[in-house]
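In: 3D model of this:
(2 chains)
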Amino acid sequence: MAINQAMCGSYKKEITAGIHFWMSHSRTGASSIAADTFKIAMFTSSRTDANEDLTAYTATNEVTGTAYSAGGAALASVTLGLADNSGSTPTAFLDFADTTWSTSTISSARCAMIYNSTLSTAGTGGDVNHSAYPTVCVLDFGGDKSSSAGDFTIQYPANDANNALIRLA
Amino acid sequence: MLEATGSGKIGKVQVFTSTNGGHGPEQMAEMALNKIMQINESTPSPIKEQALAFRNDIKRILVYYMSKMAQSERTTIWALMKKQGHDDIAEIIRRL
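Out: Okay, the predicted model is just below:
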């Protein structure tokens, strides 16, 4: 199957089961549960399983280059909002600081995946389980992107109910 | 029949890259504008044209001041290099 920008099917199930913690939160009482770390990793066009059926991050066909480490970069400044979208549907949305690999030489990045890097070991003991490094979504760049002794920046869309990168409406 | 419906959506990212240097003022201005205003594809033509014209006006201003910022930053680095006795490096930075 081809590269396809999508929210991963497994993520929809896992988020409903409460497996992913984007933000610190509390459940009954004042104690706080810490947020997970999510990362974004980039891949070449050979990563043809990068689509809605992807369940986990693996390093297969991941880009390599100066200033890029396998596994990608952690998403920073995660914010979670709630507002009505243009169709008046209450929408929860996530935003992050743009990701930049500075002074980098990275060749032929065609797509990226966001995954939960805190969950480095597969969960196997519950009614709902997950793979190691479970994926959230796949991002299609629409073409190969490269930097050479320069900056490589992924800019996330505006932080609102109609445009934000990850939205649940 | 009653249904509870919902959907998960993934927004569009933009990728900016550079060669032999960092992002220039044009790219930075574009990034800033992407956060400041969005023009919907389905916007009626006259409104869309006005919005695009406004976007271009804002971009010109952003590019100008980002160029000034880059120039000013080089002055700061030039002064620091001079102060540390690296006149040759300072001269290279001044000529950028």
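
In: Going by residue numbers, what spans are strands in chain B?
Out: B:8-10, B:14-17, B:19-21 (DSSP state E).

In: meant to ask about chain A, not that
Out: Ranges of strands in chain A, per DSSP E, are A:6-7, A:38-43, A:65-66, A:73-74, A:79-84, A:90-95, A:99-116, A:135-155, A:166-168.

In: who wins for proximity to chain B among those?
Out: Of all the strands of chain A, the one in closest proximity to chain B, counting by C-beta to the nearest C-beta, is strand A:135-155 (3.4 Å). In this view, the C-beta of every residue, glycine as well, is placed from N, C-alpha and C.

In: So which other helices or strands are in contact with that closest one?
Out: With contacts taken as 3 or more C-beta pairs under 8 Å, 6 or more residues apart in numbering or on different chains; DSSP states H and E, strand A:135-155 sits against strand A:6-7, helix A:9-16, strand A:38-43, strand A:99-116, strand B:14-17, strand B:19-21, helix B:25-36.

In: Show me what from chain A comes close to chain B.
Out: Listed as neighbours of chain B in chain A under the rule C-beta under 8 Å from any C-beta of the partner chain: A:5-7, A:11-12, A:98, A:102, A:106, A:109, A:112, A:137, A:139, A:141, A:145-159, A:162-169.

In: From those residues, keep the buried residues only.
Out: A:5-7, A:11-12, A:98, A:106, A:109, A:112, A:137, A:139, A:141, A:145-148, A:150-159, A:162-169 (16 or more other C-beta atoms under 10 Å in any protein chain shown).

In: Chain neighbours aside, what residue packs nearest to the most centrally placed residue in chain A?
Out: Residue closest to the mean C-alpha point of chain A, counted by C-alpha atoms, centre = their mean, is A:Ile114 at 2.0 Å. With C-beta to C-beta, 6 or more residues apart in numbering or on different chains as the criterion, A:Ile114 has its nearest non-adjacent residue at 4.3 Å, and that residue is A:Val136.

In: Relative to A:Phe43, how far out is that neighbour?
Out: Counting by C-beta to C-beta, to the nearest Å, the gap from A:Val136 to A:Phe43 is 15 Å.

In: got it, and B:Gly21?
Out: Using C-beta to C-beta, one obtains 26 Å as the distance from B:Gly21 to A:Phe43.

In: residues in chain B within reach of chain A, list them.
Out: For chain B, the residues in contact with chain A under the definition C-beta under 8 Å from any C-beta are B:6-23, B:31, B:34-35, B:38.

In: What residue in chain B comes nearest to chain A?
Out: Closest approach between chain B and chain A, counting by C-beta to the nearest C-beta: B:Ser18, at 3.4 Å.

In: Confirm for me that that residue is in contact with B:Glu26.
Out: No - B:Ser18 is not in contact with B:Glu26 according to C-beta atoms under 8 Å; the separation is 10.6 Å.

In: neighbour-wise, which of those two wins?
Out: Under the neighbour definition other C-beta atoms under 10 Å in any protein chain shown, B:Ser18 and B:Glu26 were set side by side, and B:Ser18 has more, 18 against 14.

In: can you pull the pLDDT of that one?
Out: Taken from the predicted model, the pLDDT recorded for B:Ser18 is 97.

In: residue contacts, it?
Out: B:Ser18 is in contact with A:Ser147, A:Gly150, A:Asp151, A:Phe152, B:Gly24, B:Gln27, counting by C-beta atoms under 8 Å, 6 or more residues apart in numbering or on different chains.

In: Between these, which sits nearest A:His20?
Out: Nearest to A:His20, judged by C-beta to C-beta, of the contacts of B:Ser18 is A:Phe152 at 26.3 Å.
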